[in-house]
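Novice: Here is a sequence together with a model predicted from it:
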Amino acid sequence: MTETVKDAETTPEVEQPYRELGLKDDEYARIREILGRRPTNSELAMYSVMWSEHCSYKSSKMHLRQFADKAPQTDALLVGIGENAGVVDIGQGWAVTFKVESHNHPSYVEPYQGAATGVGGIVRDIMSMGARPVAVMDPLRFGPGDSVDTRRVLPGVVAGIGGYGNCLGLPNIGGEVVFDPSYAGNPLVNALCVGVVRHSREEPGIKLAHASGTGNLVVLFGAATGGDGIGGVSVLASETFDDARPSKRPAVQVGDPFMEKVLIECCLEVFEADLVVGVQDLGGAGLSCATSELASSGDGGMRVWLDRVPLRDATLQPEEILMSESQERMCAVVEPGKLDAFLTICARWDVLAAVVGEVDDTGRLTVEWHGETIVDVPPRTVAHEGPVYERPYARPSWQDALQASSPDALTRPVGGDELRATLLDLVASPNLASKSWVTDQYDRYVRGNTVLAQPEDAGVVRVDETTHLGVALATDGNGRYTKLDPYAGAQLSLSEAYRNVAVTGARPLAVTDCLNFGSPEDPDVMWQFAEATRGLADACLALGVPVTGGNVSFYNQTSSRQTGDVAINPTPVVGVLGVLDDVRRRVPAGFAAPDEVVLLLGTTRDELGGSEWAHHVHGHLGGHPPAVDLAAEKALGALLADAADESLVTAAHDVSDGGLAQTLVEMALRRGVGAVVDVAALHDDPFVALFAESVARAVVASPNDRAADLESRASSYGVPITRLGTTGGDALTFGGLFSVPLADLRTAHESTFPALFA
Amino acid sequence: MTPKVAQGFRVGVVTFPGSLDDADAERAIRLAGGEPVALWHADDELRAVDAVVLPGGFSYGDYLRCGAIARFAPVMTAVVDGAGGGMPVLGICNGFQVLCESHLLPGALIRNDHRLFSCVDQELVVENASTAWTADYEVGQRIVVPLKNGEGGYVADDATLDRLEGEGRVVVRYAGENPNGSYRSIAGVSNERGNVVGLMPHPEHAVEALTGPSTDGLAFFTSVLKASVGA
């Protein structure tokens, strides 16, 4: 029997399964206090799902405030944190919206569908800002490449991203594939989408999730609602995996990319015709989330007729309909006079649409089921005024010992032969090997505006075909650095993403982040989180790039009888968006031609804590990560933008994981143009010159007649610059040390993934 | 010397629900000097176009079988009629699958032999430079255009393959290693008259140096403009 508000009022003593739904005793007590009675089953479902960690950010909220409090002053930010995605002004009447989000737990349970619906969800977030999605990218992290579990999860995740994204017609332009034992049993599947919208003060194109205007109609459109993903948010995203429990497979949503594709086109036509007041996607927490957020952000209340929701499964109970996370659904607020036009466009695209509610002036969200009121709540208490926790945190007892375990004690290769062997070993290691086995499963060409895509440092997409305006996007994260020093590690993630955007010639403009951490109930993890958010906020301020939005993913840890409770390395993944006023001036990563000058920008230090070398060769994690130097990063970025504008460089590639050696290998292999270099001037120890991971560095190639100009500009920006050698030939030669034919490098670099996963 | 292009040569691009490369095809037509005309799957007429492109994508989600539902779209009746009358029709990727399902071209496309979706810059050899869509190429010319699909394996019975080869109807073939298990490395075929061509690779993604691996694909779209002048 469906429970009405009246039933709840008359039976205060009924015991409710709030604990099973993830609510704590005090949270349940607060719901009773808000309502002045016990909640109905439907209300309990709504509160439980909206007050889950995933939806309410209850553990992270107090730390995330720093992103607003310390935000750098910028005119570019049109919509900041708190909406479905941030929006930045890139000039010429164009605005860009972008966001990265996690779909970690579902992707472990059901790799294909989990990853696929992760793409679908982030794409709908971008659509709900009124924008056309134009590209996606996927930062991925797995356990060891050769583990049984990674071999199960990775191919499914990659196929799911490809299967869904390719079918949407969105080019996949970048991302990451990283392996570390800490992600075993808890892969990180993050998804980023970027969209563009025409926007000016005179003709605003941006849409917001606001339900305003009494009498306006709430229209649910897209797929019909089914039983998939019921409780997905609260059950999957907010509890630690426990191998003693039964399978949770049914809680993962199932995606239909074809439905999403027609929904995109339908939405864009609706936006173009100016037919909506507000729009919201249905993702985690489904209708509960969409209706309460729309009403909470609006200026009145909302009345929903739940029995009018089109169903795939007629047996669904009202609380299940409210909780369902069926994919490919959107909710719009439409003026009654525009409803016919709205429905006509839906019909043209064969998209199901139903009026399921209306905006009213009650200040309350009420839900009716066949004439009976089953929900009657103040919407803000559901959507925006959930619990806030000040979780205890403390520097872990093991942190000092970890930092004391210096990489200086590790055996280093000496002499040409050992250095050569180390280089070949590293370029073939899973973290540094070619990822084309993965990225070739993604369509990078569709829409015809992809200017750069993986394995370039950043994806570059043309926004305006007439003016050549475009954007560059890169994501980076380094869990090892962040484990060694969460404050610095988060800053280093930003530093690298900033650099990856800058090497293309773009000016970095704004940031999105996906903060992947273990359990917030563990003070060690909470300290990592507090330090990382503090570090990231400080670094964003220093670099002048505001955080526009993102997502927090907690509980990334696996409890098992064998290994105990293990949290992942703290992994803030940072996405940086940059602008290229003319994408024709973008700088690719690979050497373009022989007989050009190869130069290193930046300073190389003996910094190998948390490095790929220490990780891959010695299985070592200890010491301190490379020193953060945001001023140097900013100067490097400014120089690179200038060099691109003036056509001083034909190639530019950042130096990061694996050091200078890896950078040169990738530049040479990209188009099969080798180089002869001498690294003696960089450091007394050639090992340090080749494999150290010092920040704020990039290698560039410059035509002979432009190199002197580049050098003088570098000195005016205060960027150290060193001539390393000359491009050309079919080998990579380190003068006085060793030489490797490109063919051998290619074999080493490109064989690893097919051997592991094909 | 550039042969004369017909003024306002109109090339229709059909959008089915789930079509993805329709905007790309329209851009390629524009860059070639033609006038792209958007056609809608549910319409039963072709808006007086001179040629038609069926673009890549996943029409109707590729549910049931690639191209199997699109074949029954109202617009296809007009396309089949036009093709019968000699109108140039180019099917790219999903469009090729639709042409096979519509029996405008022989054979079928099945899942790649390696079972994965694959997006690569593919070298091709042009084997027939006298179709409506390939007249601007030379026989034996090698071109590089993107190949991206999950179901790109071209199959037909031996008699059909022999006939296609005998009649010079293999339009393009994969160079080097066979990327997907297509029989006899066939990447594209034509009908007997040479006005209907189906390709798995995507020439519309190789029309600008900025965004493609080459500009080798543009000639498919310039060819049709000229072919029609003398037709």
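Specialist: That came in fine, so what should we check first?
Novice: any idea how far A:G610 is from A:A404?
Specialist: Using Cβ to Cβ, to the nearest Å, A:A404 is found at 14 Å from A:G610. Bear in mind the C-beta positions are built from the backbone N, C-alpha and C, glycine included.
Novice: what about the two, which has more around it?
Specialist: Neighbours per residue, other Cβ atoms under 10 Å in any protein chain shown: of A:A404 and A:G610, the larger number sits with A:G610, 30 against 10.
Novice: didn't that one look like it was pressed against A:L492?
Specialist: No - checked against Cβ atoms under 8 Å, the pair A:G610 and A:L492 is beyond contact range at 9.0 Å.
Novice: anything in contact with each of these two?
Specialist: Both A:G610 and A:L492 are contacted by A:N478, A:Y481, A:P625, A:P626, under the criterion Cβ atoms under 8 Å, 6 or more residues apart in numbering or on different chains.
Novice: Please look at the first one and A:S493 and confirm they touch.
Specialist: Pointing back at A:N478 there. Yes - between A:N478 and A:S493 a contact is recorded at 5.7 Å, counting by Cβ under 8 Å.
Novice: Tell me the secondary structure at A:R141.
Specialist: strand (DSSP: H, G, I helix; E, B strand; the rest coil).
Novice: now it, nearest residue through space, not along the chain?
Specialist: A:L188 (3.9 Å; Cβ to Cβ, 6 or more residues apart in numbering or on different chains).
Novice: Next, count neighbours for that neighbour.
Specialist: Going by other Cβ under 10 Å, the residues that sit close to A:L188 add up to 28.
Novice: and A:L343, what pLDDT?
Specialist: pLDDT recorded at A:L343 is 98.
Novice: that older thread, can you check the pLDDT for the residue nearest to A:R141?
Specialist: 98.
Novice: ok, now how distant is it from chain B?
Specialist: Distance, A:L188 to chain B, using Cβ to the nearest Cβ, to the nearest Å: 23 Å.
Novice: Touching, that residue and A:V100? I think so.
Specialist: No - using Cβ under 8 Å, A:L188 is not in contact with A:V100, being 11.1 Å away.
Novice: Common neighbours of the two, please.
Specialist: What both A:L188 and A:V100 touch, as defined by Cβ under 8 Å, 6+ apart, is the set A:P139, A:V573.
Novice: which stretches of chain A have low pLDDT?
Specialist: Counting by pLDDT under 70, chain A has low-confidence residues at A:1, A:231-251, A:560-564.
Novice: what does it put close to chain B?
Specialist: Contact residues, chain A versus chain B (Cβ under 8 Å from any Cβ of the partner chain): A:159, A:162-163, A:166-169, A:256-259, A:261-262, A:349-350, A:440-451, A:462, A:465, A:583-584, A:758.
Novice: do that again at 6 Å, thanks
Specialist: A:162, A:166-167, A:169, A:258, A:261-262, A:440-441, A:443, A:445-446, A:448, A:450-451 (Cβ under 6 Å from any Cβ of the partner chain).
Novice: Which of those residues ranks first by neighbour count?
Specialist: Busiest of those [other Cβ under 10 Å] is A:D443, holding 29 neighbours.
Novice: ok, A:E358 - contacts?
Specialist: Contacts of A:E358 were listed using Cβ atoms under 6 Å, 6 or more residues apart in numbering or on different chains, and they are A:L217, A:R303.
Novice: Tell me if it really is in a strand.
Specialist: Yes - assessed with three-state DSSP, A:E358 lies in a strand.
Novice: Quick check: it vs A:T214, distance?
Specialist: 8 Å.
Novice: again with A:L154
Specialist: 51 Å.
Novice: These two: who's more crowded?
Specialist: A:L154 (25 against 13).
Novice: and the gap between that one and A:R499?
Specialist: Distance from A:L154 to A:R499, by Cβ to Cβ: 27 Å.
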